[in-house]
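Enquirer: one predicted model, sequence on top.
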Amino acid sequence: VNAGAIININSKPSLLFDGVNDFFNHSLNVNSGFSLIAAVVKNMNSGAGIDGVYSFTAPNNPIMNMIMSNANSANWGLYINSFKNSGYSIYNYQAFIASYSDNLTSGTVTNNLITNNNLTTVTDTGRYPGDTTNRRYIGQDTSNNEAFVGNMQEIVVYNSDQYSNLTGFRNNINTYYAIY
């Protein structure tokens, strides 16, 4: 939706985030050892900087940001203790992106970053110590000043081990949105 008009990508409605003040708060407390975050997005910011797609932080919990990093050739990635690059740019085209993370509550976090049908596995040793406040956003990162610019059609978050369902989940979304 943009100014009251429905925006369609591949004949499916989407929300346009303008990078200024379009974001949503959410209340999901990711406190298990696993998480699956999946989104159907089209990044339209060609400038340098970082755009937040999904983020959460809470006291004594890890911080997690699914972000577009235009400073890294418009690649998307994940920030837990540091930026982990997927190696795939999704600038100006619709893509399915997902992060499956395990061991979020321990010392080494393994992330499977999926871009359409491509897999990048990255690890992060250590753990961001969390934050003193609850900050949870869709369309913005946890710093409150790095908002997403682009279209978002779906975002799904699981606070449980969904690794065995990942292929079916990805195929289902691809069939519905005709992404790749």
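Expert: Yep, it's here. Residues are numbered from 1 along each chain as shown.

Enquirer: which stretches in this protein count as helices?
Expert: Under the criterion DSSP state H, the chain contains helices at 166-177.

Enquirer: surely residue 85 meets residue 77?
Expert: Yes - between residue 85 and residue 77 there is a contact at 4.5 Å, judged by Cβ atoms under 8 Å. Every residue, glycine included, has its C-beta placed from N, CA and C.

Enquirer: neighbour count: the two, which is higher?
Expert: residue 77 (25 against 15; other Cβ atoms under 10 Å).

Enquirer: can you pull the contacts of the more buried one?
Expert: 67, 69, 83, 84, 85, 86, 113, 122 (Cβ atoms under 8 Å, 6 or more residues apart in numbering).

Enquirer: tell me the pLDDT at the third one?
Expert: What that stands for is residue 83. pLDDT recorded at residue 83 is 75.

Enquirer: how near is it to residue 15?
Expert: 25 Å (Cβ to Cβ, to the nearest Å).

Enquirer: kindly report the same for the first one.
Expert: Plainly put, residue 67 is 18 Å away from residue 15 if you go by Cβ to Cβ.

Enquirer: before we move on, back to that, keep only those of the contacts of residue 77 that are in strands.
Expert: 67, 69, 83, 84, 85, 86, 113, 122 (DSSP state E).

Enquirer: who's the last one bridged to?
Expert: Meaning residue 122. residue 111 (DSSP bridges).

Enquirer: over to the third one?
Expert: According to DSSP bridges, the partner residues bridging residue 83 are residue 79.

Enquirer: residue 22: neighbour count?
Expert: Residue 22 is flanked by 17 other residues according to other Cβ under 10 Å.

Enquirer: hmm, it is touching residue 149, no?
Expert: No - with contact defined as Cβ under 8 Å, residue 22 does not reach residue 149; the gap is 9.1 Å.

Enquirer: identify the residue nearest the geometric centre of the protein.
Expert: residue 66 (3.3 Å; Cα atoms, centre = their mean).
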